Every structure is written in C-alpha cells, then in structure tokens.
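Visitor: next one to model:
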Amino acid sequence: MIRNVLSIAGSDPSGGAGIQADLKAFSARGVYGMAVLTALTAQNTQGVSGVHLVPPQFVADQINAVFADVRVDAVKIGMIANAGIADAVAGALTDHRDIPIVIDPVMIAKGGAALLAPEAVDVLTHRLLPLATLLTPNLPEAAALLHQPVATNRADMAS
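Guide: Residues are numbered from 1 along each chain as shown. Sure thing, here's the model as predicted:
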C-alpha cells in the first residue's frame with residue numbers, strides 16, 4: 001500500500017524548499033504527496049523577495065478538503081508564517097491526533113532572519129507543538145523554542 005503524506009507549507013517557485021521540496025522528497029521515498037499552501041513566495045537561490053500569505057480560513061478549508069476525501073497517513077508542517085495560519089492549521093488537525101505529524105517550525109533562517117511572526121510563536125508553542133510526533137528545528141529555532149542561546153558546538157547541543 002502506498003502511503004499518503006500531506007505537506008502544509010509555503011511554496012518556493014525555485015523548488016529548493018517548501019511544498020516543492022517536500023513533494024520531491026515524498027516521491028523519492030515512494031509515498032504519495034499532497035499539498036496545502038500557506039504562503040506563496042517570490043524567491044530563488046539568492047533569497048526571498050516577496051511573500052503572499054494564504055488567508056487562514058482557506059488554509060483550513062484546504063486541509064479539511066483533503067481529509068474529507070483522501071486517507072492521510074502522515075502530515076508534515078513547514079512554513080506557517082503567522083498566528084492566524086498557525087491557529088487554523090492546529091484547529092483543522094486537532095481531530096486527527098492519531099496521524100503522525102512532523103513539524104519543521106520554519107521560524108528562523110540559519111542566517112538568523114525571522115521567518116515566523118513573533119505572535120505566531122505562542123500559537124506554535126501552545127497549539128501546534130502538542131500535536132507533533134516529531135519536531136525538526138534548526139539550531140536557531142531550537143534555541144528560540146528552548147529560550148536558550150544558539151548552540152555552537154556539540155557539547156552545547158547536548159546540554
């Protein structure tokens with residue numbers, strides 16, 4: 001049986017991140033990928049030049065449409081961008097706690113730039129993270145979630 005995995009994330013037209021990267025990774029692992037868009041970006045390998053957010057209710061509508069028709073075996077959450085979208089995603093997934101949910105918080109770029117609105121961090125922490133089976137932050141994101149300085153070596157990571 002082929003597994004069905006739903007990615008909830010932003011779009012990267014250059015294909016290096018977001019929905020496009022998730023769908024390629026799913027395909028490489030032999031699973032059927034589905035996508036719910038949270039944001040459209042204007043970006044390339046040099047950086048992001050614009051972001052257009054999908055209205056929160058429409059994000060929830062997309063999630064509900066997929067669950068109403070297709071078996072979902074797992075969910076992977078990437079860019080949620082703001083508190084409204086985070087809240088909509090959490091609300092739509094609350095009734096699906098029996099499905100593994102992987103969250104890549106997409107909060108802070110490795111270079112230190114904020115990618116998640118500050119008010120959304122609270123929603124992420126209190127509404128989305130409790131739904132997670134697995135959390136995959138980068139080092140700056142892990143530090144922000146733990147309210148600690150960014151680890152610079154393996155010993156810092158272990159403590």
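
Visitor: looks like residue 18 contacts residue 77 (just checking).
Guide: No. Under the criterion of C-beta atoms under 8 Å, residue 18 makes no contact with residue 77, lying 11.5 Å away. C-beta here means a position set from N, CA and C on the backbone, and glycine is covered the same way.

Visitor: overlap of the contact sets of these two?
Guide: With contacts taken as C-beta atoms under 8 Å, 6 or more residues apart in numbering, residue 18 and residue 77 have residue 9 as neighbours in common.

Visitor: and these two? Which one has more around it.
Guide: Between residue 18 and residue 77, counted using other C-beta atoms under 10 Å, residue 77 has the larger neighbour count: 28 against 25.

Visitor: for that one, grab phi and psi.
Guide: Per-residue torsions, residue 77: phi -110, psi 130 (degrees, to the nearest 10).

Visitor: state the mean pLDDT of the longest helix anywhere in the chain.
Guide: Longest helix of the chain, by residue count under DSSP state H: helix 56-69. Here helix 56-69 scores 98 as its mean pLDDT.

Visitor: what do you get for stretch 8-16?
Guide: The average pLDDT within stretch 8-16 is 94.

Visitor: pull out the buried positions in it.
Guide: Of the residues in stretch 8-16, those scored as buried under the neighbour-count criterion (16 or more other C-beta atoms under 10 Å) are 8-12.

Visitor: can you give me the end-to-end span of that stretch?
Guide: Taking C-alpha to C-alpha, to the nearest Å, the first and last residues of stretch 8-16 lie 16 Å apart.

Visitor: and it, how far from the chain's centre?
Guide: Relative to its parent chain, stretch 8-16 has a centroid offset of 11 Å by C-alpha atoms, centre = their mean, to the nearest Å.
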